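Q: got a structure for you, letters missing:
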């Protein structure tokens, strides 16, 4: 067992208690006042060099090595919870109605505090600086990362690492996986306001039908993957909400629907955006409804820098054990605003997945009321991030 893993296991119980405290008191994006206050208090206790709050509920700290001047690597976690009523049955379940850490940010935050404690005790072993970013509001677009970048938190940073835990089968608990290149999907929102005139169901020729137009749009959007995108690429286009109509014998006067598109490359992302507009125009012509198509550009795809990924695959087996490192063959399908720390700055980045098992009888997905991962994974996450940061600054 490496020194980093031994040190991480030595503080596991302390960090688990912090995680449970955060889990009991979840706060949604931009309201993380208690959480950020806890973070500042713990960072001061552990002896970091600086503590700042670039926004009201974010925290950024630094730990300087004693081996002289050097580079700077940033480690990032997120703090916010989700508007979900918890149903895990954990003894430390959320005490806040309809708010839950269903995406693991409680564990992310606690592990980052563990990283801070470990790095403060390792100052004599690295030059340069480790910057610890406790980011607010990852869940609500446009996300907190853009705000922190605008505030200057990436100035002087040479590389940045992130880690997201993920519920898995228990035999994967503590295994860290990632791949070079596109690693999470870009996530963009789309909305269609389809306006007819309304009318009696017995006279369809007199009233453009926005429900039929909505159905045509939904079907035509599926042609994007089938006919616009190469088979070697991947995309998801879905309409997930639809409202319209008031009576079974009346033609609706309007329909509003919203959906989401996910993709991994800028080229595919732009093809989707262009085709959405073409679909809206074509259906408007055929249906005689007025169609307003809007979009919200969401999170970029996280792109794991090839050189930094190779370095991590070289270093991590000695830090957490070769059986706890996995090179993924496929990217993840969720979106993460960690992407902006690289796409908006050009700074090399790698997002890793901490496979964290599950509590209960079955694996529940992220954002699910039953989602609960194992704290046994945390020492591997802390050792990986801390050891990688020290190795990067010493290379």
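A: Perfect, thanks for sending it. Note that the structure is predicted; figures quoted are calculated from it, not measured.
Q: only C-alpha atoms for contact and neighbour calcs from this point on.
A: Fine.
Q: wait, isn't residue 301 in contact with residue 185?
A: Yes. Judged on CA atoms under 8 Å, residue 301 makes contact with residue 185 at a distance of 4.6 Å.
Q: residues shared between the contacts of these two?
A: With contacts defined as CA atoms under 8 Å, 6 or more residues apart in numbering, the residues shared by residue 301 and residue 185 are 263, 264, 335, 336.
Q: the second one: how many residues sit nearby?
A: What that stands for is residue 264. Residue neighbour count, defined by other CA atoms under 10 Å, stands at 25 for residue 264.
Q: show me what contacts it?
A: Here residue 264 is in contact with 182, 183, 184, 185, 186, 234, 235, 301 (criterion: CA under 8 Å, 6+ apart).
Q: isn't the first one up against residue 265?
A: Yes. Between residue 182 and residue 265 there is a contact at 7.4 Å, judged by CA under 8 Å.
Q: follow-up on the earlier one: who's more crowded, residue 301 and residue 185?
A: Neighbours were tallied for residue 301 and for residue 185 using other CA under 10 Å; the higher tally belongs to residue 301 (30 against 27).
Q: returning to what we had before: which neighbours do residue 182 and residue 265 have in common?
A: Jointly contacting residue 182 and residue 265 under the rule CA under 8 Å, 6+ apart are residue 301.
Q: TSV for the shared contacts of residue 301 and residue 185, including secondary structure?
A: TSV is the format used below for the shared contacts of residue 301 and residue 185 (DSSP: H, G, I helix; E, B strand; the rest coil):
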residue	secondary structure
263	strand
264	coil
335	coil
336	coil
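Q: can you tell me which of those is closest to residue 25?
A: When the shared contacts of residue 301 and residue 185 are ranked by distance to residue 25 (CA to CA), residue 336 comes first, at 22.9 Å.
Q: so what's the residue count around the closest one?
A: Residue 336 - counted by other CA under 10 Å - has 23 other residues nearby.
Q: isn't it up against residue 303?
A: No. The pair residue 336 and residue 303 does not pass the contact test of CA under 8 Å, sitting 10.8 Å apart.
Q: ok but residue 351 is inside a helix, no?
A: No. Using three-state DSSP, the assignment for residue 351 is strand, not a helix.
Q: could you give the bridge partners of it?
A: Beta bridges link residue 351 to residue 162, judged by DSSP bridges.
Q: I'd like the distance between it and residue 305.
A: Counting by CA to CA, to the nearest Å, the gap from residue 351 to residue 305 is 9 Å.
Q: which of these two has more neighbours?
A: Neighbours per residue, other CA under 10 Å: of residue 351 and residue 305, the larger number sits with residue 351, 25 against 20.
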